[in-house]
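Chemist: what follows is a predicted protein model with its sequence.
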Amino acid sequence: MAVDYNAEPLLRVEKLKQYFKNGSYVVKAVDDVSFEIYPGETYGLVGESGSGKTTIGRGIIRLYDPTGGRVLFRDMDISGKLDRYTNWELRTKMQMIFQDPMASLNPRKKIGDIIGEGLDIHHSYSSQEERREKINAILAKVGLAKEHYDRYPYQFSGGQRQRVGIARALIMNPDLIIADECISALDVSIQAQVVNLMKDIQEETGCAYLFIAHDLSMVKYISDRIGVLHLGRLLETGTTEEIFSNPLHPYTISLLSAIPSPNPRAERSRSAVSYDYATSGLDYNRGELHHVGGKHYVYGTDEEVAGWLAKEN
Amino acid sequence: MADKILDIRNLDITFKTTAGNVHAIRGVNVDLERGETVAIVGESGSGKSVVMKTAMGILAGNATINSGEIIFRYKEDDGSLQEVDILKKEKKWVRQNINGRKIAMIFQDPMTSLDPTMTIGNQLIEGMIMHLGISKEDARKRAIELLEEVGITDPEKRYKQYPHQLSGGMRQRVVIAIAISCYPDLLICDEPTTALDVTIQAKILDLIKTIQKEHGISVIYITHDLGVVAKVADYVNVMYAGRIVEVGNVEEIFYDPKHPYTWGLLSAMPDLDTDDDRLYTIPGSPPNLLHEVVGDAFAPRNQYALKADWKEQPPMFKVTDTHFAATWLLDERAPKIEMPQELKKRIERMKQTKG
């Protein structure tokens, strides 16, 4: 689906900082991260474990109080304290799909009630029939049957459980869905089913995704734009095309070279470019995001960026 | 056959559960020659881990082995070749003489396979003192050498540390060091890189490869990641619903697959070179093995299924000397059916990229 980049961004993250204090020791999990998501767009956030990608997702959905910076949803500041009504409203507009479909579903509740919980809390129906109808419609949309309403999570396979997770997020008609590693726990063939489902739903409802993952090949399939995180910093962002065909930051280059390919001949001769922050000579505390054309931004000092651009040409 | 180290024949296993008997392994054959690498690929629940656990003698208590044999040939310390059928030996004997000694295993999650209350050093020397019968001081010396070999810097210091003080990649290196500490003949890697980041994945696979070459160990990979298979394997076994459906060397499986399930698996992999909007998916889900399977277990999900697939289980048809596939499509009476066009194009493209 074509995304209108001239439209107002749906979500704007500005200089988000998230520090965790551990005694006198401060962990800078997210440091000065800025990006925006447009309506109907899929923004992929990639990085290794500990890079802060989950923290950003949780910060956006207000599970943490940011240390600094702002998160704007439709031009409304949603970081910090909100009044009851805004909070209420916001909770229907932003939804989350979690990584482990077993741990995130209440094992003692029926599937129908898990999906309908949002409706119950927000009183979004006038009769039990209407509630049931709404839930059945969502079940059908994610490829489950009406009969699944009365079953329990343990009766489902991993892929089906993730469909329930998606249904639960969808039922509130959200504008933004944060999908945190939502396919990492699934088998390859099931991953493909879930990714296709997410794409179909986007076509139909026009919701935007923040797709957090470490598997770059899947991110390439689903994302319109990608942001590369490392050690809490957003190092490079741009359209999928820009990042994959013209990576600039040495970390991005190393990350792309590490993607395994199901092709024995290529795989045997492939050598991953290694990248070590300690010996790279880069200092993430100096530098800023530089615009290098299109939607492509890269983080570094002026000289560093000039150097990378020179190497590219 | 020159020097077969492992030979699994007709393995058939049933699990007793509260819901009934689950026929998880339905006649599996695997062979492995010394120094080679074999990968077993399949979805979760296809039984790939169960086969390897049987070879290690660490099967769950509710399992019954209906038939089969697992012939393992290993080198005794004096260099003589020994041959045993692991299924015929007592559990205790297997634990004392085979587990960790001749067959070592690397598990998926390095956090749960290391003991959090023991130092790295103590976990390393434990097996050596038990199996090799050497003194604590000698074991310590060898442990530090091993840590160095698997690429851990400052081994003297790491020796005294606990697992939680190490990163995921480092922990997996420690697990590898423990696995090779008693000079095993066979190393089984159960999804060794699934829990690790892509950047570290490649390093760990390279490390296992180097160690394999240096020590002449045979390796079995259990994985669902075809990227890993392409990188490391000599031979590939594709497993579906408790049976091996296709076996061949890595080129045959990736460039000339014959079984519709292998077609599906290869098509479902995201491919960085195309701009296709949709990923191919295999329709449906794997069969429930609580119910006895009639015919080909893959038939309900197979768009190329023939009438015969619903009636009778296909035997292994020979394609080449190393390549076999269990599908009626290879029978001479079957109609000529080729792999899907898109996959064909993709394979052509893959053949052209020479890294």
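Modeler: Nice, I can see it.
Chemist: which parts of stretch A:266-274 are buried?
Modeler: Neighbour-count burial for stretch A:266-274 flags A:266-267, A:270, A:272 (criterion: 16 or more other Cβ atoms under 10 Å in any protein chain shown). C-beta: built from backbone N, CA, C; applies to glycine.
Chemist: how about the residue positioned nearest the centre of chain B, secondary structure?
Modeler: Most central in chain B under Cα atoms, centre = their mean is residue B:222, positioned 2.4 Å from the mean C-alpha point. Per DSSP: H, G, I helix; E, B strand; the rest coil, the local secondary structure of residue B:222 is strand.
Chemist: in chain A, what residue lies closest to chain B?
Modeler: residue A:260 (2.7 Å; Cβ to the nearest Cβ).
Chemist: so that residue sits in a helix?
Modeler: No. Applying three-state DSSP, one finds residue A:260 to be coil, outside a helix.
Chemist: quick revisit: for residue B:239, see how far away the residue nearest to the centre of chain B is.
Modeler: Using Cβ to Cβ, to the nearest Å, residue B:222 is found at 9 Å from residue B:239.
Chemist: could you give the mean pLDDT of the strand or helix carrying residue A:234?
Modeler: Residue A:234 belongs to strand A:233-239 when assigned by DSSP states H and E. Strand A:233-239 carries an average pLDDT of 94.
Chemist: ok, it: who's next to it in the sheet?
Modeler: Strand pairing for strand A:233-239, determined by DSSP bridges: strand A:225-230 (antiparallel), strand A:297-300 (antiparallel).
Chemist: got the residue ranges for the strands in chain B?
Modeler: Secondary structure of chain B by DSSP state E: the strands cover B:4-17, B:20-33, B:37-41, B:63-75, B:81-85, B:103-106, B:186-190, B:218-223, B:235-240, B:243-249, B:317-318, B:324-325.
Chemist: of those strands, which is nearest residue B:92?
Modeler: Residue B:92 lies closest, by Cβ to Cβ, to one member of the strands of chain B: strand B:81-85, at 13.9 Å.
Chemist: only the buried residues of the host helix or strand of residue A:45, if you could.
Modeler: Assigning secondary structure by DSSP H and E places residue A:45 in strand A:42-46. Across strand A:42-46, burial judged by 16+ other Cβ under 10 Å covers A:42-46.
Chemist: is stretch A:194-208 in proximity to chain B?
Modeler: Yes. Using Cβ under 8 Å from any Cβ of the partner chain, we find that stretch A:194-208 touches chain B at A:195-196, A:199.
Chemist: mind giving me the domain split of chain B?
Modeler: As assigned by automatic domain parsing, chain B contains the domains B:35-61+B:79-233, B:252-352.
Chemist: tell me the SS of the closest residue to residue A:170 other than its chain neighbours?
Modeler: Nearest residue to residue A:170, sequence neighbours excluded (Cβ to Cβ, 6 or more residues apart in numbering or on different chains): residue A:138, at 5.7 Å. Under the three-state scheme (three-state DSSP), residue A:138 adopts helix.
Chemist: would you mind naming what in the stretch 1-150 of chain A lies close to chain B?
Modeler: Contact residues, the stretch 1-150 of chain A versus chain B (Cβ under 8 Å from any Cβ): A:48-49.
Chemist: show me where pLDDT drops low in the stretch 1-150 of chain A?
Modeler: Low-confidence segments of the stretch 1-150 of chain A (pLDDT under 70): A:1.
Chemist: got the residue ranges for the helices in it?
Modeler: Applying DSSP state H, counting those that start in this stretch to the stretch 1-150 of chain A gives helices spanning A:53-60, A:84-93, A:111-121, A:128-141.
Chemist: could you export those helices as JSON lines, including mean neighbour count?
Modeler: JSON lines is the format used below for those (neighbours: other Cβ atoms under 10 Å in any protein chain shown):
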{"stretch": "helix A:53-60", "mean neighbour count": "23"}
{"stretch": "helix A:84-93", "mean neighbour count": "13"}
{"stretch": "helix A:111-121", "mean neighbour count": "19"}
{"stretch": "helix A:128-141", "mean neighbour count": "15"}
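Chemist: contact partners for residue A:105?
Modeler: A:114, A:153, A:161, A:164-165 (Cβ atoms under 8 Å, 6 or more residues apart in numbering or on different chains).
Chemist: got the phi/psi numbers for it?
Modeler: Main-chain torsions, residue A:105, degrees, to the nearest 10: phi -110, psi 130.
Chemist: could you check how far it is from residue A:119?
Modeler: Distance from residue A:105 to residue A:119, by Cβ to Cβ: 17 Å.
Chemist: right, and residue B:39 touches residue B:225 too?
Modeler: No. At 9.5 Å, residue B:39 does not count as touching residue B:225 under the criterion of Cβ atoms under 8 Å.
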